[in-house]
Structures are given as C-alpha cells and as structure tokens.
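**Student:** The following comprises the amino acid sequence and a computationally predicted model.
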Amino acid sequence: MILKDRLEKIPNNSTLIISNNKKISREQILNRYKNDLNKISGARILICKSDISETLSIMTAIDGLVEAFALISTASSIELLSSLAKKGNFEAILCDESLNLNKIKNLPPIFYDLEALADTFSSKKSPRETRWILTTSGTTGKPKLVSHTLSSLTRTTKIDIKRGPNIRWGMLYDHTRFAGLQVLLQSVISASILIDPIFEYPLEKKVNNFINHNCSHLSATPTLWRKILMTANSNKLNLLQATLGGEIADDKILSAVSKHFPKARIAHIFASTESGVGFSVVDKKAGFPKSYLKNPPLGVDVKVENDRLYVRNKAVQNKYFGSETSFVSSDGWIDTGDSVEIKNDRVLFRGREDGVINVGGDKVYPEEVENILLKHPLVSAARVYAKSNPITGSLVAADVTLTDSKTDVNKAKKVLQEYSVEMLDRHKSLASIKIVPRFSLNSSGKIVREV
C-alpha cells in the first residue's frame, strides 16, 4: 500500500499538521499536486525541503511512482549534498529556493517545484515499490544512504484511525531523519495531528507551542528530555506518551520523565537508520529484559555476542544505497556497534564501541562516565571525550553544563573531580573538567561529540 492509499483511508477534512500555527488538512496534502506526474515514473529524486507539509505532499504524490527518493536535511552542507547525489545516482534535486544551489557545479538539475521537475522528464519505467532513502547520522564518519520502503518504515506503526484524532504528536526532530520520519508517519497514518513548531525555535518556545496545541504524545532523545524537564512551563504539558530514543536511557532520566508526567506511558526505543525499529521497553528501567534475546517483542531478532549487540530485521536492505558496502552479515545480523553487559535478567548498554577511549590499554566508554556524572545534582548535561596523553595515549575529559548557572564554577569542578574519583575506576576518572554554558545538538537531538 502506498502513502496516498494510507491517507485516503483517513476521514475527510482531518487536520494532519499544525505548522507555525497553521492547520494543514488531509485534502491539502492529497490535492497539492494535480498535474500528471507520470513523466517521473522510475526516476531517482533527492528531496531537500524544510517545510514538513510540502515534504509530506511530495512523498504522497511520488510514492509508488518513482524508483527512489532521498530525504536530506536542509542543514546539510553543499559538499554533502553533492556527494550523496553522486553516490545515489540521483537525476534531480528538489529543494528550497533559499539554498541557492543553482550556482554549484556538478549537481543534478535543481528544481523548486515538483510539477516543474516532472515537466522536464519522460517516463522510463513502470511504477514500482519506491525506495525511501535516509541518511545515517554521520556521528562516526560521513553519512551514508540507507534504503527503506514505506512498509519497512511503518512495520511497527500502530494504526487506529478512530482513536487517532484524539492524539497530538509533538515534533522535535528533523523530519528528514529516521526518528523524525517515524514520528511523522506514525502521526499522519493514524489520522492524528502533528504539532510542528519552527525547527529553529528555542526549546522553551517549542514546549509552549506544544502546550498551546494540547500535545499529548512526545518523542525525544534523553538529552532533549533533560532540557525539556528544565524548561519553565514543561509541567503544563499533559502528556499521555513520552518516548525516548537515540541515546542510552538511564534509570535517572526514565524516573525523572515518569515523575514529571505521571499520566504518561514511558517507552524507550532501540532503533537505527540501518536496522529500523528493533524493540521498545515500557517497564521504566534502563536497558531491556534478557527475555528479549529469546522472545523479541517486535519480531526483530536480538542477540549478544562478545558483549556486542546484534539485531536481525528481515525487512531492511543489506547494503548502503548506491554502494556495494554491506552492513549485514551473511546470516542477516547487523552489528549495532553497541557494547552491552548482561546483569541478572537485564541487558544494559555500556556505550558505542567506536567511541571507546583507550587509557593505557583499558577501555573507557564515554557514555558510562556521562551516566555517572548525570547522577550528580550539579550536572544537567555532560559530554565525555578523550584527551591526548603522551604516557597513556589518552585520558578522560568532560565538558559539563550545570543545573544552576549561578553555581561557582571552580567549586563545581573540584566537587565533580572528587566525585569521579570516588565513583569510577582509576582509569575512568576525569583528568580534566570544563564547565560550558550549553551543548550544540545535531538534527537528531543528540549532543554533537566533535571537540
């Protein structure tokens, strides 16, 4: 079933999106493009649009018609756009006029309107199941292109059109990224209302926007949830669902979200662009039940081997789009890159294997140290990284934002240094601490780790 078919099942005159306080209806999405688009049958199109309703209209019009389309963030650099367009062999770029791409050499033809793009094509192939192309986060290298289909993206989507209109999802992610697209599809396919504040708004203004439009369901990274809990009016959010994903959700943040929103069902999700949605956990505890290794709840196999987490999802492709590089083993397993440990009946996340700090031959996972720091009442956010050392190779360093900006910086550094020595093994304790006013977040809502 293509996206257009899904939206046509929704009742007439349903409001699907509230963006910048403007209501966008089902009819506006379905009827935005009235001209014949069959000329682009079988084409490959790269889409780089900031307006979420326009992007939804485009996807609705071309799903099941084109061979593939890629969703690329408007925050992407020109160099990245050019590289991805070349790797995916895309034949046209559909983008915002404000990006000023026309003067850039070696790019496919640039268009600002879908119908104008279609007028320049001639149909080459029969319509087919369209590949939806998304980029990886790029946190451990250059972003890669991953191929999905609407069916693989909505495999775990809960669809209840009768209940849907009573649900209002808040959007905190870039809609071109995996997490943002998941929120968008979950909302619109279920006839819910998506509240989409301007992406560049400060978080407090976004929260107020959610309050004004009666947001009931919200998804964010643990980093964003920590920031949400600190905003002045967050207690006015009447949430029925709070979802955490994208980073390790420790007991402290799960407990804090639960206490702040007592009516909300709390869930943390394991998902990635490559593997899709693996599983969700709703018992408000860090990690996931060991029983998932034998009885995965969402039909995606899970295993732990040499303290690494692997998942097997038969619905995903096995190679990066436009590449012969496979991220799936011969028997279908995807190495998530996450280091885990099994304690009693629980599988707990330690951190990313590719981010490990080598201190004189001993491994230190930055996330493990961050979780310890976040347990201290002085700390609201932390980023741990390697600091070069001629003797041990690396030492552990941290940037920290304080819960109270009025706290004496020197005293805080001393307290946290002593705390790290007390709570951590010697090779994990902090060699240096820097107090910073804030952290930059990427379009996935995660702390930017480059230092």
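**Tutor:** Arrived safely, thanks for sending.

**Student:** in the chain, which residue is closest to the centre?
**Tutor:** For the chain, Ala179 is the residue whose C-alpha lies nearest the centre (Cα atoms, centre = their mean; 3.4 Å).

**Student:** So that residue versus Leu46, what's the distance?
**Tutor:** Ala179 sits 20 Å away from Leu46 when distances are taken as Cβ to Cβ, to the nearest Å. (C-beta placed from N, C-alpha, C; glycine too.)

**Student:** and stretch 201-213, what's its mean pLDDT?
**Tutor:** What stretch 201-213 shows for mean pLDDT is 95.

**Student:** Report the backbone C-alpha coordinates of it in PDB.
**Tutor:** Extracted as PDB, the C-alpha positions of stretch 201-213 are listed here (Å, rounded to 0.1, in the frame of the first residue of the first chain):
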ATOM      1  CA  TYR A 201      12.800  27.900  17.700                       C
ATOM      2  CA  PRO A 202      14.500  27.600  21.100                       C
ATOM      3  CA  LEU A 203      13.300  24.600  23.000                       C
ATOM      4  CA  GLU A 204      11.200  26.700  25.500                       C
ATOM      5  CA  LYS A 205       9.300  28.200  22.700                       C
ATOM      6  CA  LYS A 206       8.600  24.800  21.200                       C
ATOM      7  CA  VAL A 207       7.400  23.500  24.500                       C
ATOM      8  CA  ASN A 208       5.000  26.500  24.800                       C
ATOM      9  CA  ASN A 209       3.800  25.700  21.300                       C
ATOM     10  CA  PHE A 210       3.100  22.100  22.300                       C
ATOM     11  CA  ILE A 211       1.200  23.300  25.400                       C
ATOM     12  CA  ASN A 212      -0.900  25.700  23.300                       C
ATOM     13  CA  HIS A 213      -1.900  23.000  20.900                       C
END
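
**Student:** packing partners for the helix-or-strand element of the chain with minimal mean pLDDT?
**Tutor:** Taking all helices and strands of the chain together, the one with the lowest average confidence (mean pLDDT, DSSP states H and E) is helix 78-87, at a mean of 88. Using 3 or more Cβ pairs under 8 Å, 6 or more residues apart in numbering; DSSP states H and E as the contact criterion, the neighbours of helix 78-87 among helices and strands are strand 44-48.

**Student:** Just give the strands next to the helix or strand containing Val340 in its sheet, each with its orientation.
**Tutor:** Secondary-structure assignment from DSSP states H and E places Val340 in strand 334-343. With DSSP bridges as the test, strand 334-343 is paired with strand 308-312 (antiparallel), strand 346-352 (antiparallel).

**Student:** Now do the buried residues in that strand.
**Tutor:** For strand 334-343, the buried set under the neighbour-count rule, 16 or more other Cβ atoms under 10 Å, comprises 334-340.

**Student:** and what of stretch 30-37?
**Tutor:** Going by neighbour count (16+ other Cβ under 10 Å), the buried part of stretch 30-37 is 30, 32-33, 37.

**Student:** Quick one: the strands in the stretch 151-300 of the chain, in order.
**Tutor:** For the stretch 151-300 of the chain, the strands defined by DSSP state E, counting those that start in this stretch occupy 168-170, 193-196, 217-220, 241-245, 265-272, 276-281, 288-289.

**Student:** which one of those strands is the most hemmed in?
**Tutor:** strand 193-196 (a mean of 26; mean count of other Cβ atoms under 10 Å).

**Student:** pLDDT averaged over that strand, what's the number?
**Tutor:** Within the predicted structure, the mean pLDDT of strand 193-196 is 98.

**Student:** Mind listing the strands that strand pairs with, and their directions?
**Tutor:** strand 15-19 (parallel), strand 168-170 (parallel).

**Student:** So what's the gap between the longest one and the chain middle?
**Tutor:** By that I understand strand 15-19. On the basis of Cα atoms, centre = their mean, to the nearest Å, strand 15-19 sits 21 Å off its chain's mean C-alpha point.

**Student:** For this structure, which segments count as helices?
**Tutor:** Counting by DSSP state H, the chain has helices at residues 3-8, 26-30, 52-62, 78-87, 114-119, 150-153, 178-189, 203-212, 222-230, 251-260, 366-374, 409-423.

**Student:** closest to Leu244 out of those?
**Tutor:** The minimum distance between Leu244 and the helices of the chain falls on helix 222-230, with 5.5 Å, by Cβ to Cβ.

**Student:** Run the angle between that closest one and helix 203-212 for me.
**Tutor:** Taking axes from the mean of the first three to the mean of the last three Cα atoms, to 10 degrees, one finds that helix 222-230 is oriented at 70 degrees with respect to helix 203-212.

**Student:** can you give me the end-to-end distance of stretch 70-79?
**Tutor:** End-to-end distance of stretch 70-79 (Cα to Cα, to the nearest Å): 16 Å.

**Student:** burial measure for Leu172, as a count.
**Tutor:** Burial measure for Leu172: 26 neighbouring residues, criterion other Cβ atoms under 10 Å.

**Student:** With adjacent residues omitted, what lies nearest to it?
**Tutor:** With Cβ to Cβ, 6 or more residues apart in numbering as the measure, Ala220 is the residue that lies nearest to Leu172, at 4.9 Å, once sequence neighbours are left out.

**Student:** my read: the one you found touches Trp169, true?
**Tutor:** No - when contacts are counted by Cβ atoms under 8 Å, Ala220 is not listed as touching Trp169 (11.5 Å).

**Student:** among the strands paired with strand 193-196, which is nearest Glu200?
**Tutor:** Evaluated over those, closeness to Glu200 peaks at strand 15-19, with 13.2 Å, by Cβ to Cβ.

**Student:** Residues contacting that closest one, please?
**Tutor:** The set of residues that contact strand 15-19 without belonging to it, under Cβ atoms under 8 Å, 6 or more residues apart in numbering, is 7, 10, 23-26, 29, 51-53, 56, 187-188, 191, 193-196, 213.

**Student:** give me that answer again for 7 Å
**Tutor:** The set of residues external to strand 15-19 that reach it, using Cβ atoms under 7 Å, 6 or more residues apart in numbering, is 23-26, 29, 52-53, 188, 193-196, 213.

**Student:** rewinding a little: what is the rounded mean pLDDT of the strand holding Val340?
**Tutor:** The predicted confidence, averaged over strand 334-343, sits at 94.

**Student:** Show residues contacting stretch 441-451.
**Tutor:** Outside stretch 441-451, the residues touching it (Cβ under 7 Å, 6+ apart) are 73, 75, 137, 139, 172-174, 177, 179, 220-221, 223-224, 246-247, 383, 385, 439-440.

**Student:** quick one on the thing from earlier: nearest to Leu402 among the buried residues of stretch 30-37?
**Tutor:** Closest approach to Leu402 among those (Cβ to Cβ): Arg32, at 47.3 Å.

**Student:** re earlier: for the residue nearest to the centre of the chain, what are its contacts?
**Tutor:** Counting by Cβ under 7 Å, 6+ apart, the residues that Ala179 touches are 173, 219, 245-246, 444.
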